[in-house]
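Trainee: My questions concern the predicted model and sequence given below.
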Amino acid sequence: MGDETPVVKRTARAVLLDGELAPDAVEMVLIKRTKPGAEPYWITPGGGVEPGVDGSVVEALHREVDEELGAKVTDVVPAFVDTVPHRAHPPGLKVQHFFVCRLASMDLSQRHGPEVEAPRGSYEVVRIPFSRAGLDSVKVVPESLRVYLRANIEGVQALLAHDLG
């Protein structure tokens, strides 16, 4: 048991869906990140769980979505976990928790936090169709999330069904 790498960072990210759960009616809200000298990429809203600030991973999700989008979400359901090496200090693993959620409201004028106040590059809020063609139209990172979503469009939408429980 002594060979396990410690988890040193956890993040909460929103697979944020908007629209009626019907074919061709759902959009996914993403952030297009553009850094100087690099190709743009698209990420789900979210960020790090802050010890002493966030009481849980889900609380971190709500805080981050509020900061980055001025948004409120409902129907927060765990959907996917990605574990990757964390190269910053201390070294270890980063666990990214992805939750499918429904957009309740969004007011971009209410955005706040480091991404807005001291951005490194640009953070553009965009919507894409939540479909295989929509996912293929942008470079969603991490790649493991894009692959998971592309393979599970219908299943991810089913996580928001009224009869899930």
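Mentor: Thanks, I have it. Residues are numbered from 1 along each chain as shown.

Trainee: Please give the three-state secondary structure assignment for residue 112.
Mentor: Three-state assignment for residue 112 (DSSP: H, G, I helix; E, B strand; the rest coil): coil.

Trainee: Local confidence estimate at it?
Mentor: At residue 112, the model reports a pLDDT of 89.

Trainee: what's the answer for residue 49, then?
Mentor: Predicted confidence (pLDDT) for residue 49: 96.

Trainee: Residue 92 versus that one, what's the distance?
Mentor: From residue 49 across to residue 92, the span is 14 Å (CB to CB, to the nearest Å). From N, CA and C alone the C-beta is placed, and that goes for glycine too.

Trainee: between those two, which one's more packed in?
Mentor: residue 49 (22 against 16; other CB atoms under 10 Å).

Trainee: Give the full set of residues in contact with the more buried one.
Mentor: Going by CB atoms under 8 Å, 6 or more residues apart in numbering, residue 49 touches 9, 10, 11, 12, 57, 60.

Trainee: all strands for the protein, in order.
Mentor: Here the chain has its strands, by DSSP state E, at 7-18, 27-34, 41-43, 46-48, 71-86, 92-106, 122-129.

Trainee: Could you pull up the mean pLDDT of the third one?
Mentor: This points to strand 41-43. Mean per-residue pLDDT for strand 41-43: 97.

Trainee: Burial check on residue 106, number of neighbours?
Mentor: 19.

Trainee: And the one 10 residues further on, by the same measure?
Mentor: One way to gauge burial is a neighbour count; for residue 116, by other CB under 10 Å, it gives 14.

Trainee: Cool, thanks, signing off.
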